[in-house]
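Trainee: coordinates only, sequence not included:
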């Protein structure tokens, strides 16, 4: 998983595409983008929308279709669709149709466009704004080139705003929690880190009332988790009287 992210980072300049640059792609519904996939990553909003579409609770939807791991570089709990079988098929594809087509994961809706935010390692407090978003285009190896699009038009067709409040907030949260977890791992036990990751996972991804709007709940959950994790030990205590 992290190898793919590293590949993007290493080739970002070549893959980058402007919001009004044109690319050619037409989906012919072949379903190839739903197999041989281990990189369908989900954010909290994806899980909320998918669970609502399936008329399930987020925890039940996760249990049935997803799995989690700790990001190698982010040190943040990452959720992905759990592929099935030797062809690593998305479990939400039934008879060549997506069970959550109206609420498909953001990475699926944007395909073959991706997006990322370049963070400055020497400036952890940098403000994150829409100007920091880099869009990328990867030749999908499927469909055909019978249609021409711009990134702006493509995202607009799927209701994904360029000024995406959630995407910016999501990356800002991961950036701060990642820094905290990196430092905490140096001083805390494995059990303590597992407890911190588990609490973060549940609060950020699963703790939502499906009858209420997502964004206010997400903001409240992030505020609560940050308040807790900012108080975690990140430095070894000096022994009293020690040098």
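Mentor: Great, that's in hand. Bear in mind the structure is a predicted one, so any value in this text is a computation, not a measurement. Numbers count the residues shown, from 1 in each chain.
Trainee: As a check, name the ranges of all helices in this structure.
Mentor: 2-10, 12-15, 44-54, 58-65, 106-110, 151-157, 165-184, 190-201, 214-229 (DSSP state H).
Trainee: Need the winner for burial among those helices.
Mentor: Ranked by mean neighbour count, the helices of the chain are led by helix 44-54 with a mean of 21 (mean count of other Cβ atoms under 10 Å). Where you see a C-beta, it was placed from the backbone N, CA and C, and this is true even at glycine.
Trainee: Which strands or helices does that one pack on?
Mentor: Here helix 44-54 touches helix 58-65, helix 165-184, helix 214-229, going by 3 or more Cβ pairs under 8 Å, 6 or more residues apart in numbering; DSSP states H and E.
Trainee: just to revisit the earlier point, looking at the helices of the chain, which is closest to residue 75?
Mentor: helix 165-184 (4.0 Å; Cβ to Cβ).
Trainee: Contact partners for the residue most central in space within the chain?
Mentor: The residue lying closest to the centre of the chain (Cα atoms, centre = their mean) is residue 43, at 4.2 Å. Going by Cβ atoms under 8 Å, 6 or more residues apart in numbering, residue 43 touches 79, 106, 166, 170.
Trainee: which strand is the longest one in the protein?
Mentor: strand 144-150 (DSSP state E).
Trainee: Name every strand pairing with it and say which way it goes.
Mentor: Each strand paired with strand 144-150, and its direction, by DSSP bridges: strand 22-26 (antiparallel).
Trainee: For the partner strand, buried residues please.
Mentor: With burial defined by 16 or more other Cβ atoms under 10 Å, the residues of strand 22-26 counted as buried are 23, 25.
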